[in-house]
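Participant: Here's a sequence, model it:
(one chain, ligands or ions: 2)
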Amino acid sequence: MQILEKAPAKINLSLDVLHKREDGFHEVEMVMTTIDLADRIELTYKPDGKIQVESESRFVPNDERNLAYRAAKLLKDRYRVAHGVKIFIEKNIPVAAGLAGGSSDAAAVLRGLNRLWGLNASMKELAELGAEIGSDVSFCVYGGTALATGRGEKIQHLPAPPPCWVVLAKPSVGVSTHSIYQALSLENAFHPDTAAMVEALRTDSFERICSEVGNTLEAVTVGLHAEVDQIKEQMRQGGADAVLMSGSGPTVFSLVAQDARAQRIYNSLKGFCAEVYMVRMLGYRETT
Ligand SMILES: C[C@](O)(CO)[C@H](O)COP(=O)(O)OP(=O)(O)OC[C@H]1O[C@@H](n2ccc(N)nc2=O)[C@H](O)[C@@H]1O
Ligand SMILES: Nc1ncnc2c1ncn2[C@@H]1O[C@H](COP(=O)(O)OP(=O)(O)OP(=O)(O)O)[C@@H](O)[C@H]1O
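Facilitator: Ligands and ions are numbered 1, 2, ... in the order given. Down below sits the predicted model:
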């Protein structure tokens, strides 16, 4: 038996860091939404009880360090499952990019194995398990559009943004989320207006969404990788409606309403950056 799951990337429309907690994590307020740039996860039943991971990508580990493996192991242990699985990951989301690629793979494995192994766990239970793997996994279990608080694991669903193009470009550097949070100084940091972004989504206002995008971590990553600012400037000059770095970066995305303008920004970045994508928002969540 085989099950296919799509594992979409996320972007942070806004990301505010409030303070550092005693457990070392930071309290955040993030508005996240999924986009149509996705890994494809193939789950094949294995009767021998083993978990095996395969991927053709040279950037992800094919062993227990893979977040997809960790998701399968957690589910197997917690639900005392005797079955096994072969997990094949078709990697399309750039790695260490601020797009939650690994987290989304883990979430897709939780959703897919729930079906393959017939566990009948609710989405809420899967999201709670996901939080044990990483801060972005709970959001990725549902996908769609949400306000994420706590360290990112407390999810409140929001309406999908109005349809538009998302043009993304990743500079050729990888970024460690841990080191960006470590380098953040909250004195004089920029704080986006989360409530205003939530309101913009609730009132379905593309203009307000565009004027409220903001990310506390952006200045830290820009300080380390000037390419991030160069890409932002190029997108602005191309006429993007909004431009922001996603997560801890270094990927920069722009929101563009007009088809021709999105295509022009995409073409202009292609000559400058190896990894450029032009995709639609997904916005809607998993409901089963
Ligand atoms: C940057 C974002 O991707 C934005 O969506 C998330 O905040 C990070 O999510 P993630 O990659 O799933 O993060 P985790 O794997 O849980 O944590 C990686 C590292 O980031 C730091 N971290 C992460 C989340 C958070 N709220 N505070 C933190 O300080 C911690 O140092 C942690 O060791
Ligand atoms: N299935 C996976 N896909 C991608 N990376 C993985 C996976 N499993 C483990 N990793 C490791 O996790 C690290 C971060 O990868 P990932 O692509 O999830 O980062 P990210 O896009 O910055 O995520 P986030 O936005 O959640 O911070 C990489 O160094 C990679 O080796």
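
Participant: Let me see the ranges of the helices in the stretch 151-288 of the chain.
Facilitator: 177-183, 194-202, 206-212, 218-224, 227-237, 259-270 (DSSP state H, counting those that start in this stretch).

Participant: Enumerate the residues of the protein near ligand 2.
Facilitator: By the rule Cβ under 6 Å from any ligand atom, the part of the chain lying against ligand 2 is 60-61, 65-68, 89, 95-103, 105, 136, 177, 247-248. (C-beta placed from N, C-alpha, C; glycine too.)

Participant: from what I can see Ala146 touches His157, true?
Facilitator: Yes - Ala146 is in contact with His157 according to Cβ atoms under 8 Å; the separation is 5.2 Å.

Participant: Neighbours of the residue of the stretch 51-200 of the chain found nearest ligand 2, how many?
Facilitator: At 2.7 Å from ligand 2, Gly102 is the closest residue in the stretch 51-200 of the chain, using Cβ to the nearest ligand atom. By the criterion of other Cβ atoms under 10 Å, Gly102 has 28 neighbours.

Participant: Go ahead and list the helix or strand containing it.
Facilitator: Assignment of secondary structure by DSSP states H and E places Gly102 within helix 101-116.

Participant: check contacts around Tyr79.
Facilitator: 117, 119, 121 (Cβ atoms under 8 Å, 6 or more residues apart in numbering).

Participant: And the pLDDT at the first one?
Facilitator: Per-residue confidence (pLDDT) for Trp117: 97.

Participant: what's near enough to touch it?
Facilitator: Applying Cβ under 8 Å, 6+ apart, the residues near Trp117 are 75, 79, 81, 83, 85.

Participant: which one among the residues you listed gets closest to Ser205?
Facilitator: Leu75 (39.6 Å; Cβ to Cβ).

Participant: Also within reach of ligand 1: list those from the contacts of Trp117.
Facilitator: Okay, of the contacts of Trp117, nothing touches ligand 1 (Cβ under 6 Å from any ligand atom).

Participant: Quickly check those for the two that are furthest apart.
Facilitator: Most distant of the contacts of Trp117, by Cβ to Cβ, are Tyr79 and Val85, 12.8 Å apart.

Participant: Which residue, other than its chain neighbours, is closest to Ala38?
Facilitator: Excluding its sequence neighbours, the residue lying closest to Ala38 (Cβ to Cβ, 6 or more residues apart in numbering) is Pro8, at 4.3 Å.

Participant: quick one: contacts for that neighbour?
Facilitator: Applying Cβ under 8 Å, 6+ apart, the residues near Pro8 are 34-38, 104, 143, 282.

Participant: What does it show for phi and psi?
Facilitator: phi -80, psi 150 (degrees, to the nearest 10).

Participant: what pLDDT does it get?
Facilitator: pLDDT at Pro8 comes out at 98.

Participant: Surely Leu158 touches Arg202?
Facilitator: Yes - counting by Cβ under 8 Å, Leu158 touches Arg202, with 7.2 Å between them.

Participant: Settle it for me: which of those two has more neighbours?
Facilitator: Set Leu158 next to Arg202 and count neighbours by other Cβ under 10 Å: Leu158 wins out with 21 against 10.
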